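> I'll drop the sequence and a predicted model, then ask my questions.
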Amino acid sequence: GFEPRVFSGVQPTGNLHLGNYLGAIKQFVKLQDSFPCLYCVVDLHAITVPQNPVELENAIRDIAAAYLAAGIDPKKHIIFNQSRVRQHTELAWIFNCIARMGWLNRMTQFKEKAGKDREAASVGLFAYPSLMAADILLYRATHVPVGDDQKQHIELTRDIAQKFNNDYSDRIAELGVGVEMKVGDETVNGFFPLTEPLIGGEAPRIMSLRDGTKKMSKSDPSDLSRIALKDDADTIAKKIRKAKTDTEPLPDTVEALAGRPEAENLVSIYAALSGTTRSRVIEEFAGKQFSVFKPALADLAVEQIAPITAEMRRYSSDPGHIDAILRDGGERASEIAEKNMVHVRDIMGL
Ligand code: ADP
Ligand code: NA
């Protein structure tokens with residue numbers, strides 16, 4: 001089998017929020033004890049929609065600061081930004097030629113992000129999943145910690161890997177660069193692994209605080225919809241106080257949260273922040289009103305987030321230090337990337 005390796009990324013598009021932390025970054029930190037990890041600031045994904053260059057530069061450093069502040073060790077693991085490693089775009093082009101139009105046409109994120117006027121969306125926004133597959137497979141990563149919204153893109157990554165392995169199976173065998181792997185009942189010799197998503201425990205999908213049917217997102221126009229990692233304690237408390245809920249007290253079973261998306265979301269956030277399960281939270285707060293639960297949640301959120309915010313500020317006050325970490329990470333990532341690309345070019349006859 002393939003050597004286990006973790007890859008994941010966050011887009012430098014500002015407004016880093018609690019969903020990004022609980023769904024992704026908190027898992028990144030945990031995984032570094034068990035796997036070699038690459039954590040990328042995916043700046044080439046950010047430019048699929050218009051970006052202000054000065055803001056983009058700062059947003060790249062912000063995500064790197066968040067990785068560091070959350071506790072990722074840049075000496076043991078690799079923190080870098082995507083555009084510094086040219087092989088991402090090279091492999092993305094190759095994958096554009098492997099992936100089928102029909103596969104990309106099925107991607108729901110494109111439909112959401114492109115909105116009503118699909119004709120006006122960039123080609124990059126449409127091809128984004130090929131680039132994401134390249135990000136992951138460039139390092140032959142076996143595991144990708146992500147939020148629930150990325151599940152479909154990871155499935156596409158597996159489809160691309162599998163088609164590449166099939167299309168070039170003879171060459172892969174001839175060159176002896178494949179790895180034995182199980183696909184169903186068969187053992188095949190593939191160049192790329194079939195990467196597994198690791199979808200975040202009690203918080204796979206944090207919802208908006210204003211609308212329990214929409215995910216918490218960087219691009220929601222309402223600032224009250226998300227807790228930003230840069231919010232201070234008062235702002236966090238205010239946003240939780242103003243979070244939309246129904247008027248019923250909390251139930252005494254998790255099952256009874258069904259059909260109450262806002263209540264369910266706040267309970268999930270509490271569980272994820274405290275590292276317990278939703279049933280433990282329900283046990284503690286059964287029958288309590290939101291006037292009791294919300295202040296407890298606010299205290300917990302502040303306790304967990306404030307230290308990260310403070311560390312982010314500390315890192316952000318020294319951009320030269322962040323740039324040096326990204327440069328070093330980029331060099332180490334490039335080495336792995338080029339080793340794999342030499343084989344990819346060989347396999348394809350390029
Ligand atoms: P966003 O979707 O907020 O624009 P990204 O696309 O950069 O952010 O996603 C970064 C990571 O955060 C991904 O792994 C994504 O699945 C995760 N993520 C984003 N929003 C949420 C959410 N509301 N709940 C859980 N995880 C999320
Ligand atoms: Na996302």
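The structure has been received and is ready for your questions. Ligands and ions are numbered 1, 2, ... in the order given.
> Identify the residue nearest the residue of the stretch 101-250 of the chain found nearest ligand 1 in space, chain neighbours excluded?
The minimum distance from the stretch 101-250 of the chain to ligand 1, using Cβ to the nearest ligand atom, falls at Gly147 (2.4 Å). In this view, the C-beta of every residue, glycine as well, is placed from N, C-alpha and C. Nearest residue to Gly147 in three dimensions, chain neighbours excluded: Gly23, at 3.3 Å (Cβ to Cβ, 6 or more residues apart in numbering).
> Am I right that the one you found is in a helix?
Yes. Secondary structure of Gly23 (DSSP: H, G, I helix; E, B strand; the rest coil): part of a helix.
> Show the backbone phi and psi for the residue of the stretch 101-250 of the chain closest to ligand 1.
phi -80, psi 160 (degrees, to the nearest 10).
> In contact with it, which residues are there?
Listed by Cβ atoms under 8 Å, 6 or more residues apart in numbering, the contact partners of Gly147 are 19-20, 23-24, 199-200, 204-206, 215.
> how near is it to Phe110?
17 Å (Cβ to Cβ, to the nearest Å).
> for Gly190, same thing?
Counting by Cβ to Cβ, the gap from Gly190 to Phe110 is 27 Å.
> who's more crowded, these two?
Higher neighbour count among Gly190 and Phe110: Gly190, with 22 against 18, using other Cβ atoms under 10 Å.
> Per-residue pLDDT of the more buried one, please?
pLDDT, Gly190: 97.
> Am I right that it is in contact with Lys163?
No. Gly190 is not in contact with Lys163 according to Cβ atoms under 8 Å; the separation is 10.7 Å.
> okay, now Asp167: neighbour count?
Residues lying near Asp167 (other Cβ under 10 Å) number 13.
> list the contacts for it?
Contacts of Asp167 by Cβ under 8 Å, 6+ apart are Ile98.
> For it, grab phi and psi.
Torsion angles, degrees, to the nearest 10, at Asp167: phi -60, psi -40.
> Can you tell me the closest non-neighbouring residue to the spatially most central residue of the chain?
The centre of the chain sits closest to Val146, judged by Cα atoms, centre = their mean, with a distance of 4.2 Å. In space, and not counting its chain neighbours, Val146 is closest to Pro197: 5.6 Å by Cβ to Cβ, 6+ apart.
> Could you verify that the one you found is part of a strand?
Yes. Counting by three-state DSSP, one finds Pro197 located in a strand.
> Tell me who's in contact with the closest residue to Val292 other than its chain neighbours.
In this structure, Val292 finds its nearest non-sequential neighbour in Phe285, 7.3 Å apart by Cβ to Cβ, 6+ apart. If you count contacts by Cβ under 8 Å, 6+ apart, Phe285 has them with 250, 267, 292-293, 296.
> Okay, now the unreliable bits of the protein?
Within the chain, not a single segment meets pLDDT under 70.
> Near ligand 1, which residues of it are found?
10-11, 13, 19-20, 23-24, 146-147, 149-150, 203, 205-206, 215-218 (Cβ under 6 Å from any ligand atom).
> Separate out the buried members of these.
10-11, 13, 19-20, 23-24, 146-147, 149-150, 203, 205-206, 215-218 (16 or more other Cβ atoms under 10 Å).
> Sort out for me which of these are in strands.
The strands, defined by DSSP state E, take in 10, 146 from those.
> how many neighbours does the closest residue in space to Leu266 that isn't next to it in sequence have?
With Cβ to Cβ, 6+ apart as the criterion, Leu266 has its nearest non-adjacent residue at 6.0 Å, and that residue is Leu297. If you count neighbours by other Cβ under 10 Å, Leu297 ends up with 24.
> quick one: the strands in this protein?
6-10, 37-41, 78-81, 143-146, 179-183, 186-190, 196-199.
> Comparing the ones you listed, which stretch has the densest surroundings?
strand 37-41 (a mean of 27; mean count of other Cβ atoms under 10 Å).
> Partner strands of it, with direction?
strand 6-10 (parallel), strand 78-81 (parallel) (DSSP bridges).
> Show me the domain layout of this protein.
The chain breaks down by automatic domain parsing into domains covering 6-202+318-348, 223-314.
> I appreciate the help and will end here.
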